[in-house]
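Asker: When you get a sec, could you give me coordinates for this:
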Amino acid sequence: MMQSRSGWLFASTSAALLLLAATIAGAADKGEKSPVGLASYTMAHARRDNPPDLLGGPLTVHVSQKKGSTRFVLPGPRGLDPAVFGTPAQPAGFEATAPFPLLGVALDLRSKDGDGYAVTKKATPFSNWHEVGTGSVDMTLTDVTAIDGSRSRDKVKFEATFEFPDGVPYKVVCNKPLPHGMGYPFFGGVATNMLIHGGTGIGTRLMPTEFMYAGFWGVGDIYRDGKLVNQGQLIHAMLTEAVRGDHYALDFDGKVGDPPATRTLHLMIPPFRPVKGKGLVPSPLKTKFMPFPFVKKHMMKTKEMIQAMPNGPEKKRMMGIMEQTKGIMAHTKEHVMEATKAGKMFGMPFVHIMFGNLDISASRS
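Answerer: Residues are numbered from 1 along each chain as shown. Okay, here's the model as predicted:
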């Protein structure tokens, strides 16, 4: 069973935020200032046409679930862990070499709480709010290639079916790994037995640092109620240790693995598609799903929990964060409704869903 212990950005994805592979490669060739962190490493390896294989040979991992439990994450702010993002006096984790929320969090997207940070100023797909559903997944990954390159021998076979909270069925299919990353390494498209997210600089910092048993970055297709609605979309899925605690709240780094918990398969579909020579191009998911009635229900429950706390500084602090959250979600709703009406968006543009009743096997070739 999936264990429990206890928004994504609808903002503009300007060209200045996008990591364009051709631009970065060009800057390095001309001797201009290279992007900091793992972006430079990634681009250097992305140009190699013969990346090495894993020591010890290929590893194949199979993960499946048949009509089991799912957790569909609703949009909302994410708390900012000082271990990952630092403090206003000493900020960290603000890389802008990939569009929000795929990597860091810019300083102007952080609300403050005394001498520290509180939550993101934009909704994310890493909130504490979720809806329970059912779904199936079948994933077979073969990790052959060790690091990024212009080609890869990694293999991905992935299919997931599930329902959105409004009852509409979806299918996600991915059979094409991405051989190199955009802002951070993809390890040939498939990666196994490593730390990811949080303080690692690999993947979004809004997820805590966590152990990934197996995962992939690839290009796939999205079907809504049997109809193909998004083609060539960026797909990321990973089998990790559980990272949610009481009331299914997403942990900070200091709580992950305490106590040890079962494994979870995350499926994340951001509103981008990779285009050769251009990097990540905006591609909103055509979900038509408006999550705000569900969000309102969870906000009311959260407020009731805070009101039940004993009077004191912590209750006052939490009520202040709740007021910030109300403003963030009101702005998010207005933006999504207007953008959808104008044809620039199609409802909820980013999917994060988790599967927890998993059969797992692994073998060396």
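Asker: Would you check how far apart the nearest residue to residue 224 once chain neighbours are set aside and residue 330 are?
Answerer: Leaving aside its chain neighbours, residue 224 sits nearest to residue 170 (5.8 Å; criterion: C-beta to C-beta, 6 or more residues apart in numbering). For every residue, glycine as well, the C-beta is placed using N, CA and C. Distance of residue 170 to residue 330, computed by C-beta to C-beta, to the nearest Å: 27 Å.
Asker: does the residue nearest to residue 224 count as helix, strand or coil?
Answerer: Here residue 170 is strand, with the state taken from DSSP: H, G, I helix; E, B strand; the rest coil.
Asker: Correct me if wrong: it contacts residue 222.
Answerer: Yes. Assessed by C-beta atoms under 8 Å, residue 170 is found in contact with residue 222 at 6.8 Å.
Asker: Which residue ranges of this structure form helices?
Answerer: 21-29, 38-46, 82-85, 292-307, 313-341 (DSSP state H).
Asker: Number of residues surrounding the residue nearest to residue 224?
Answerer: The number of residues packed near residue 170 is 22, by other C-beta atoms under 10 Å.
Asker: buried sites along stretch 149-158?
Answerer: Within stretch 149-158, the residues scored as buried using 16 or more other C-beta atoms under 10 Å are 149, 152, 153, 154, 155, 156, 158.
Asker: Show residues contacting it.
Answerer: 45-51, 53, 137-145, 172-177, 179-180, 187-190, 216, 218, 220, 235, 237 (C-beta atoms under 8 Å, 6 or more residues apart in numbering).
Asker: For residue 190, give me its contacts.
Answerer: 141-145, 152, 154-156, 177, 214-216.
Asker: Not counting residues beside it along the chain, what's closest to it?
Answerer: residue 154 (3.9 Å).
Asker: separation between that neighbour and residue 215?
Answerer: Distance from residue 154 to residue 215, by C-beta to C-beta: 11 Å.
Asker: Give me the pLDDT value at the residue nearest to residue 190.
Answerer: For residue 154, the pLDDT comes out at 98.
Asker: Surely residue 354 and residue 263 touch.
Answerer: No. Contact criterion C-beta under 8 Å: residue 354 and residue 263 do not qualify, at 10.5 Å.
Asker: Compare the two (neighbour count), which wins?
Answerer: residue 354 (22 against 18).
Asker: can you tell me which residues contact the residue nearest to the more buried one when sequence neighbours are not counted?
Answerer: Setting aside the residues directly before and after it, residue 354 is nearest to residue 71 in space (C-beta to C-beta, 6+ apart), at 4.4 Å. Contacts here follow C-beta under 8 Å, 6+ apart; on that basis residue 71 touches 2, 130, 131, 132, 133, 248, 353, 354, 356.
Asker: do residue 45 as well
Answerer: Counting by C-beta under 8 Å, 6+ apart, residue 45 has contacts 51, 147, 148, 149, 180, 185.
Asker: Could you point out the member of the residues you listed that lies closest to residue 291?
Answerer: Set against residue 291, the nearest of the contacts of residue 45 by C-beta to C-beta is residue 185 (32.0 Å).
Asker: Tell me the predicted confidence for the closest one.
Answerer: 95.
Asker: residues near it, how many?
Answerer: 21.
Asker: Wait, it touches residue 39, no?
Answerer: No. Using C-beta under 8 Å as the test, residue 185 is too far from residue 39 to be in contact (9.8 Å).
Asker: list the buried ones in stretch 266-282?
Answerer: For stretch 266-282, the neighbour count (16+ other C-beta under 10 Å) marks 266, 267, 268, 269, 270, 271, 272, 273, 274, 279, 280, 282 as buried.
Asker: wait, stretch 217-233
Answerer: For stretch 217-233, by 16+ other C-beta under 10 Å, it's 217, 218, 219, 220, 221, 222, 223, 224, 229, 230, 233.
Asker: Need the CA coordinates for it. CSV is fine.
Answerer: The C-alpha trace of stretch 217-233 is given here as CSV (Å, rounded to 0.1, in the frame of the first residue of the first chain):
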residue,chain,number,x,y,z
TRP,A,217,13.4,10.9,-19.1
GLY,A,218,11.8,10.4,-22.5
VAL,A,219,9.4,11.5,-25.2
GLY,A,220,5.9,10.2,-25.2
ASP,A,221,2.3,10.6,-26.1
ILE,A,222,-0.8,11.5,-24.0
TYR,A,223,-4.3,10.2,-24.7
ARG,A,224,-7.4,11.8,-23.2
ASP,A,225,-10.5,9.6,-23.2
GLY,A,226,-9.0,7.6,-26.1
LYS,A,227,-7.9,10.6,-28.2
LEU,A,228,-4.3,11.6,-28.8
VAL,A,229,-4.0,15.1,-27.3
ASN,A,230,-0.3,15.7,-26.9
GLN,A,231,2.5,14.1,-29.0
GLY,A,232,6.2,14.2,-28.4
GLN,A,233,5.8,15.4,-24.8
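Asker: so how far is it from its chain's centroid?
Answerer: Here the centre of stretch 217-233 is set off from its chain's centre by 17 Å, with C-alpha atoms, centre = their mean, to the nearest Å.
Asker: Ok, stretch 132-151 next?
Answerer: Distance, centroid of stretch 132-151 to centroid of chain: 15 Å (C-alpha atoms, centre = their mean).
Asker: Okay then, goodbye and thanks.
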